[in-house]
Every structure is written in structure tokens, then in C-alpha cells.
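Please find the sequence and the predicted model below.
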Amino acid sequence: SMTYYLLANPNSGAGKGARTLEILIPYLEKNNYEYRLFKTNAPSEEGDLVKQILELKVAEDHLVIIGGDGTISLVINELPEEEAFSYIPSGSGNDFARSLNLILDPIESFEAARSGMNHEIFIMNYQSKGLNGYALNNIGIGLDAAIVQAANEGKLKQFLNKLKLGSFSYILTALHVLITKKAFPALIEIENQQISLEKTFLMTFTKHPYFGGGVKISPEASNQNADIHLVEYSKHSLFRTFSLIPSVLRGTHLKHPLFLHRVNPHFSVELAESQPVQIDGEIHHLAAADRLSISTEKRMIIY
């Protein structure tokens, strides 16, 4: 009989992963669904659990991932191309789930996976000397990466989270970074065209519209085709930058001449100086002159 292999991060979404399991497991038991549960006990353990599951599961078994954007990103980095999977979103941002209109209710989501169809999606493959892997959501260099890095390091965040003001701490951090972050030069290559930027401030390569928990950074992007969307904003006065925030929230910013927007299945970028890079919300660093190439690959998701 078919076995559901559940790979779950109980800590995703500030405990939403654990709550999803509390709802789902009794439901599986009640319906006599055959399942095996693999839970992460430590951060970034997803990759090891994927390896364990792949040794046990047979072709007709069904892999179901339970967690947030970080969880699914770690899984996709270890999952072979031909392995289809399902996903029950249990994160705080759920950008990937939003991009595919996945059901958030754990039981409905499981039932959609159980009776679901195979859907082809495209994910990003990135490669440089120092960085390589896969991304489902975005690869951001500059402002967003600096915000994620500052938020992760922030003592303020831990304190405010205890008071349930996590998003407020994030806004304070974002404002601080917005004011202090310096622009940097970057060279982008699209097919045979080179774009040289002097004062890059925000540079995001995205596979679908959503960014940072629901902002539409590129409204037309879709993970159901091979195109990657580049959105870049060069540094301007703070007043100018702040005045653009409403258009970003409305999703109309790409009509604005201060935003560079390019669509292509392949990009490469080279920096003159090292910068933090956020890849699906995890912080990495891209070294100076280490050319980063980004392209797409197909994957299969069942829902």
C-alpha cells in the first residue's frame, strides 16, 4: 500500500508547523492512511531527512513537505529532479504557496495533495564559485538581503517576538537598513546584453510575484514558465525612495522609470564588492568578481 512520507519542520511559522501536525496526524490515523513522519529537530536538518526518506520510499509513495518557505527551499536543494512532492504550507510568509494558490488549511491541503495532479513548475538554479543551489522564490542582492541579515542578527527581534511584535521589529530594522545601506556597482548580463549599474540598491531575481510575505515585487512573474524576472532599483534620495513605497504595495512600481525590469530565462550578475545575498530568506554572501549565473529547471509538484 502507498505510504505518505511526511517531512515536517515543527518550528516553521513560529510553531505553525507543529500545529499543522496536531491537526493532520489524528486525521491520517482516523482514515487509516499509511504514513511515516520525519520531523526536524535542528535548523537546516531538512536535507538529511530528504536523504533518509529517499532510501526508504518506493515509486508509488508520496512525499509531503510541511513547513514554510525556508523548509521547502532546503528540501528542493536535496530532492532529485524526478521526485515529485506535495506541500502543506505552514510558514509565516508562505510566498511559494501563495504563488501557486495552495490551500492553507492542513486537512484540505492534504486532500488536495492526495487526489492531486502533477503540476510542472520552474525553479531557479544559481551557480558561482562560492554559491550554488536552487531557489523557489527570490535571490536578492542589496537592500532585502541586508534587511534579512540585520533582522536575523537583531537582539531586538528576540525581545519583541516575546511580546508578539515581530513584524514591528522587522519594520524598524527595515527602516534602519533603508537609511544606512550603501549603494554598490553591479554588472548584469542578459543573453548578449550587458547592463552596468553604478548605484544598485535593491536587486531581486524572482520566479513568481511574491516577496517578503506577500508584496508583489514582479506581478507578472510565474513559476509555471521558465522566465526569471529581474527587478532593480538604484539608490535615490530617501524622500524619493519613500515616495515609491505606496506604488510597490499596489504592485504598480514597475511602470516607474526608476525601476529596471527585465524578463529572461537566464541572467548573470557580477559585483565589484562583496554583498549579502538572501536566497529564499537565507543569508549568503556573494564575493567581489564571483560571477553568479541564474537559470531555471523543471520540478514536479502534486496538488
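Right, received. Where do you want to start?

Give me the neighbour count for residue 1.
7 (other CB atoms under 10 Å). Every C-beta, even on glycine, is put in place using the N, C-alpha and C of the backbone.

List the contacts of the residue nearest to residue 4 when sequence neighbours are not counted.
Once flanking residues are discounted, residue 4 sits nearest to residue 35: 4.3 Å by CB to CB, 6 or more residues apart in numbering. Residue 35 makes contact with 3-6, 25, 28, according to CB atoms under 8 Å, 6 or more residues apart in numbering.

Then residue 230?
Contacts of residue 230 (CB under 8 Å, 6+ apart): 188, 190, 203-205, 260-264, 267.

Kindly report the same for residue 190.
Here residue 190 is in contact with 230, 262, 264, 266-267 (criterion: CB under 8 Å, 6+ apart).

Please apply the same query to residue 71.
Neighbours of residue 71 in contact, by CB under 8 Å, 6+ apart: 7, 9, 12, 17, 40, 46, 65, 90-91.

What's the ChimeraX syntax to select whichever of the contacts of residue 35 are buried?
The buried residues among those can be selected in ChimeraX (16 or more other CB atoms under 10 Å) with this line:
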select :3,4,5,6,28
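
need the contacts of residue 35 in CSV with pLDDT and distance to residue 301, can you?
What follows is the contacts of residue 35, written out as CSV (pLDDT from 0 to 100; distance: CB to CB, whole Å):
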residue, pLDDT, distance to residue 301
3, 98, 19
4, 98, 15
5, 98, 15
6, 98, 16
25, 98, 22
28, 98, 20
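
Now do the closest residue to residue 71 other than its chain neighbours against residue 20, distance only.
Distances taken as CB to CB, 6+ apart put residue 9 closest to residue 71, at 4.3 Å, once the chain neighbours are dropped. Residue 9 is 10 Å from residue 20, where distance means CB to CB, to the nearest Å.

overlap in contacts of the two?
Common neighbours of residue 9 and residue 20 (CB under 8 Å, 6+ apart) are 66, 90.

In terms of packing, which of these two has more residues around it?
A direct count of neighbours by other CB under 10 Å for residue 9 and residue 20 places residue 9 higher, at 30 against 27.

list the contacts for the more buried one?
Taking CB under 8 Å, 6+ apart, we find residue 9 in contact with 17, 39-40, 46, 66-68, 70-71, 90.
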